[in-house]
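>>> Sequence first, predicted coordinates after that:
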Amino acid sequence: MRDKTQTNSAAPGDRLIRAGAVVFFIGAVATLVTVAPLLLGTTPFPTYMFGLSMFMGVGFLIAGAGVLRSIAAGRRRARTAGSRPSR
């Protein structure tokens, strides 16, 4: 029996996972840039720069929402496949 899922098909939640990864990466870079002056002993950045570090958490939450959406879609697919009459 062949699997009907194409390898290049986008499942629900894939875009959220990708967007979450991008936002997380931006937050990680912002964290490194913000913490570097503290470790090097130079003048620290203004306080609002530490807010950019929060993008890591926001990106993690976005990606988590994408994973949960993907799981829910898989369960719906399994439920509808299970309700089909067997031959």
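Right, received. Where do you want to start? Numbering: from 1, shown residues only.

>>> Quick one: list the elements packing against the helix-or-strand element of the chain with minimal mean pLDDT.
Lowest by mean pLDDT, DSSP states H and E among the helices and strands of the chain is helix 47-52, with a mean of 84. In terms of contacts (3 or more Cβ pairs under 8 Å, 6 or more residues apart in numbering; DSSP states H and E), helix 47-52 is packed against helix 14-40. C-beta: built from backbone N, CA, C; applies to glycine.

>>> I'd like the average pLDDT over the helix it packs on.
Throughout helix 14-40, pLDDT has a mean value of 92.

>>> where's it relative to the chain centroid, distance-wise?
Between the centre of helix 14-40 and the centre of its chain there are 12 Å (Cα atoms, centre = their mean, to the nearest Å).

>>> Setting aside sequence-adjacent positions, which residue approaches the most centrally placed residue in the chain most closely?
Using Cα atoms, centre = their mean, the residue of the chain that lies closest to the mean C-alpha position is Ala63, 1.9 Å off. Closest residue to Ala63 apart from its sequence neighbours, by Cβ to Cβ, 6 or more residues apart in numbering: Gly20 at 2.8 Å.
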